[in-house]
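Trainee: sequence first, predicted coordinates after that:
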Amino acid sequence: MNELPPTSDRQPPVGLPRERLMLPGPRALWWVLAVLSVSVPLAAQLLGGAEPITAEQPDAMTAELRGRTFIWRLLTNTQPQQPAAAPVADARVKAAEDKDWQELVGRARQMDAVHADKPTDAREQLVVHALAVEHPERAVALAREVTLLSDDTRAVLTGLPGIPTATAMDKPRALAQLRARAFGHGWSTYQRDRARQLAYERLDDLDGARAMNKSLRARDNRVVPAWSTAALLFLAALFVGGTFWAGAAMRAFRALPTGPAGARGWVRSRYPGLPRDLPYITDPLLPWLGFGGWLSGYLMASLALASLAGQRSMSGLGVLFQAGVGALTAIAVVQTFARHPPGLPHAARLGTTPRSPLDPPQISLPRAFLAALRVMAALLPVMAVTVLLLAVFGVMTAEHPVSGMVLNDVDPLQLASIGAAVTLVAPLGEELIFRGFFYRALRMRLGVWPALLITSLAFSALHPSLGPYLVLSGAFCLAYEWTGSLWTSILLHGLWNLLSFGVLIGVAVS
């Protein structure tokens, strides 16, 4: 009998057949293997290997300064000229800006002290940032305490009052440096061209200043409307998501006299939900053995890449290779442990036909995409509140290593490889394992909420920050539970990664 009676949210299916994996050798040995295959990759992730980027590392400073420069650029081009404020208000604004600058300088000094072996100098990044946002006095003050500046930075500082003679260049050499093809390597495009324009003006190269000014204005005319439109779309999505939660709260309140399931029933009535069949046998060893096998395959791909190039220098093609190995391993795990042939579509619910009249109908791919958009809209305000609460309580969220790669490398081939990995390949592999296999196998024994919590904790452990990824994984599980199709969570995962990747690309090239 493959069909089971209906279940509640809290209880697992009743009357489960006690099936065990047919494994050679002692069962205890397989438990040890499963525990090791899960614990070793997680320990490698948490203690070493893919080292998460924190606010005390130079890459995080690069990302933050690019974001600050980008926001300053948008505000400069969109805010109308305001009349002069009262002296007291001006003093408060200046005091807040000075305090923020001093905090940045203090962090940069700590980074330079801790990461003295790194090629990136955090204080030099701050110098370039101050020049790009039109604070030359701050750039000069900070440049005085940096013992070794690159020729590019020295060139853009030339001509500023107060620059030490040893730092400044003579005019012909500075102009030659500014015109060099490799000038500003590692800087953002806007920082490089803005610093060039201001330096040309100080060095009386009016033709160069006009050319840079024309180029910057032409790009501003494209960038500012595009990002303004994106901001309006994001606000509209937040409004739609907030409306959903307000409506759900009202329905729950109205349903109080009759029971707490009113709002949940309204949501569930839109889609069939997960079917009541058994895609895997009920052996408690199964989810951990399969999940550990996928983790081991993913770790082997990471070790292979690390042996060829350091984690910091891993290319976009390396990210694509790693995601591809993970997806292939996930397919192998699902195919191996599924009870019904063909195992992959049935276990993952990827468009299979119902096995009996008791099974709910499968939803189409367009309908799964529509459901993913609905969950995405509901997820946005939840993620916004999560990030806000973490910031209020001072919890630092680490940046994903891919973020630093995107912000520091705008090579089209590398970006295309990373984009394919994070928006197509990785969502497929991770959803097959975390939702189609791990969550589904745990749900048969533990019920929805325990399985959701365990799956989300495992998902978060493989990513840089616990809080945001815990919320994301919960949303992916509920989307799968709601529609009964793994396409929904795959599309939702891909949409979220596409949104994040698009923001990174926009900041990097803008």
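Mentor: Ah, there it is. Numbers count the residues shown, from 1 in each chain.
Trainee: distance of residue 424 from residue 417?
Mentor: Taken as Cβ to Cβ, to the nearest Å, the spacing of residue 424 relative to residue 417 amounts to 11 Å. Backbone N, C-alpha and C define where each C-beta goes, glycine included.
Trainee: do residue 24 as well
Mentor: With the distance defined as Cβ to Cβ, residue 24 ends up 41 Å from residue 417.
Trainee: name the helix or strand for residue 73, please.
Mentor: Secondary structure assigned from DSSP states H and E places residue 73 in helix 58-78.
Trainee: what residues of that helix count as buried?
Mentor: For helix 58-78, burial by neighbour count (16 or more other Cβ atoms under 10 Å) applies to 58-66, 69-70, 72-74, 77.
Trainee: packing partners of that helix?
Mentor: Here helix 58-78 is seen to pack against helix 87-114, helix 122-132, helix 189-202, helix 206-254, helix 401-408, helix 486-509 when contacts are counted using 3 or more Cβ pairs under 8 Å, 6 or more residues apart in numbering; DSSP states H and E.
Trainee: angle of that helix against helix 189-202?
Mentor: For helix 58-78 against helix 189-202, the angle by axes from the mean of the first three to the mean of the last three Cα atoms, to 10 degrees is 70 degrees.
Trainee: from here on, count from 59
Mentor: Sure, I'll start counting at 59 from here, so that last one is helix 116-136.
Trainee: export helix 116-136 to CSV, keeping only CA atoms.
Mentor: Taking C-alpha atoms only, helix 116-136 is exported to CSV below (Å, rounded to 0.1, in the frame of the first residue of the first chain):
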residue,chain,number,x,y,z
PRO,A,116,39.1,43.6,2.7
ASP,A,117,36.6,42.2,0.2
ALA,A,118,33.7,43.3,2.5
MET,A,119,35.1,46.8,2.6
THR,A,120,35.3,46.8,-1.2
ALA,A,121,31.7,45.8,-1.5
GLU,A,122,30.5,48.3,1.1
LEU,A,123,32.4,51.2,-0.4
ARG,A,124,31.1,50.4,-3.9
GLY,A,125,27.6,50.3,-2.4
ARG,A,126,28.1,53.7,-0.7
THR,A,127,29.5,55.2,-3.8
PHE,A,128,26.6,53.9,-5.8
ILE,A,129,24.0,55.2,-3.4
TRP,A,130,25.7,58.6,-3.3
ARG,A,131,25.6,58.7,-7.2
LEU,A,132,21.9,57.9,-7.3
LEU,A,133,21.1,60.5,-4.6
THR,A,134,23.2,63.1,-6.3
ASN,A,135,21.4,62.6,-9.6
THR,A,136,17.8,62.3,-8.3
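Trainee: what are the structural domain limits within the chain?
Mentor: Partitioning the chain according to automatic domain parsing yields domains covering residues 116-136+148-262, 328-567.
Trainee: distance from the longest one to the middle of the chain?
Mentor: Okay, so that is domain 328-567. Here the centre of mass of C-alpha atoms in domain 328-567, compared against the chain's by Cα atoms, centre = their mean, to the nearest Å, lies 12 Å away.
Trainee: and that domain, average pLDDT?
Mentor: The predicted model assigns domain 328-567 a mean pLDDT of 85.
Trainee: can you give me the angle the helix holding residue 131 makes with helix 264-312?
Mentor: In this structure, helix 116-136 runs at an angle of 100 degrees to helix 264-312, with the same axes, to 10 degrees as the basis.
Trainee: and the angle from helix 116-136 to helix 180-190?
Mentor: Comparing the axes of helix 116-136 and helix 180-190 via the same axes, to 10 degrees yields an angle of 10 degrees.
Trainee: got the contact list for residue 222?
Mentor: For residue 222, the contact set (Cβ atoms under 8 Å, 6 or more residues apart in numbering) comprises residue 202.
Trainee: looking at this, it is in a helix?
Mentor: No. Counting by DSSP: H, G, I helix; E, B strand; the rest coil, residue 222 falls outside a helix, being coil.
Trainee: buried deepest among the domains of the chain, which one?
Mentor: Among the domains of the chain, judged by mean count of other Cβ atoms under 10 Å, the one packed with the most neighbours on average is domain 328-567 (a mean of 19).
Trainee: distance between stretch 247-258 and the chain's centre?
Mentor: Per Cα atoms, centre = their mean, the displacement of stretch 247-258 from the mean C-alpha position of its chain is 30 Å.
Trainee: could you dump it to PDB, C-alpha only?
Mentor: As requested, the backbone C-alpha atoms of stretch 247-258 are provided in PDB (Å, rounded to 0.1, in the frame of the first residue of the first chain):
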ATOM      1  CA  THR A 247      34.000  51.900 -13.200                       C
ATOM      2  CA  TYR A 248      32.400  55.000 -11.600                       C
ATOM      3  CA  GLN A 249      35.100  55.500  -9.100                       C
ATOM      4  CA  ARG A 250      37.700  55.300 -11.800                       C
ATOM      5  CA  ASP A 251      36.100  57.700 -14.200                       C
ATOM      6  CA  ARG A 252      35.000  60.100 -11.500                       C
ATOM      7  CA  ALA A 253      38.500  60.300 -10.000                       C
ATOM      8  CA  ARG A 254      39.900  60.800 -13.500                       C
ATOM      9  CA  GLN A 255      37.500  63.700 -14.200                       C
ATOM     10  CA  LEU A 256      38.300  65.500 -11.000                       C
ATOM     11  CA  ALA A 257      42.100  65.000 -11.500                       C
ATOM     12  CA  TYR A 258      41.900  66.300 -15.100                       C
END
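Trainee: contacts for it next, please.
Mentor: 124, 127-128, 131, 186-187, 189-190, 192, 194, 213-214, 216-217, 232, 236, 241-242, 245, 264, 266-267, 270-271, 273-274, 277, 468, 567-568.
Trainee: one more time with 7 Å, if that's ok
Mentor: Stretch 247-258 has contacts (Cβ atoms under 7 Å, 6 or more residues apart in numbering) with 127, 131, 186-187, 189-190, 213-214, 216-217, 236, 241-242, 266-267, 270-271, 273-274, 567-568.
Trainee: pLDDT on that stretch, on average?
Mentor: Rounded mean pLDDT across stretch 247-258 is 88.
Trainee: so who does the spatially closest residue to residue 326 that is not a sequence neighbour touch?
Mentor: Using Cβ to Cβ, 6 or more residues apart in numbering and skipping residues adjacent in sequence, the residue nearest residue 326 is residue 540, 6.9 Å away. For residue 540, the contacting residues are 325-326, 329, 331, 429, by Cβ under 7 Å, 6+ apart.
Trainee: just give me the closest of these to residue 500.
Mentor: Closest approach to residue 500 among the contacts of residue 540 (Cβ to Cβ): residue 331, at 16.9 Å.
Trainee: wait, isn't that closest one in contact with residue 542?
Mentor: Yes. Under the criterion of Cβ atoms under 7 Å, residue 331 is in contact with residue 542, at a separation of 5.1 Å.
Trainee: using PDB, write out every CA atom in stretch 536-549.
Mentor: Coordinates of the C-alpha atoms in stretch 536-549 are reproduced here as PDB (Å, rounded to 0.1, in the frame of the first residue of the first chain):
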ATOM      1  CA  LEU A 536       6.400  26.000   2.400                       C
ATOM      2  CA  ALA A 537       6.200  26.700  -1.300                       C
ATOM      3  CA  TYR A 538       6.900  23.000  -2.000                       C
ATOM      4  CA  GLU A 539       4.400  22.000   0.600                       C
ATOM      5  CA  TRP A 540       1.700  24.400  -0.700                       C
ATOM      6  CA  THR A 541       1.800  23.400  -4.400                       C
ATOM      7  CA  GLY A 542       3.100  19.800  -4.300                       C
ATOM      8  CA  SER A 543       5.500  20.500  -7.100                       C
ATOM      9  CA  LEU A 544       9.300  21.000  -6.700                       C
ATOM     10  CA  TRP A 545       9.200  23.300  -9.700                       C
ATOM     11  CA  THR A 546       7.700  26.000  -7.500                       C
ATOM     12  CA  SER A 547      10.700  25.900  -5.000                       C
ATOM     13  CA  ILE A 548      13.200  25.600  -7.900                       C
ATOM     14  CA  LEU A 549      11.700  28.600  -9.600                       C
END
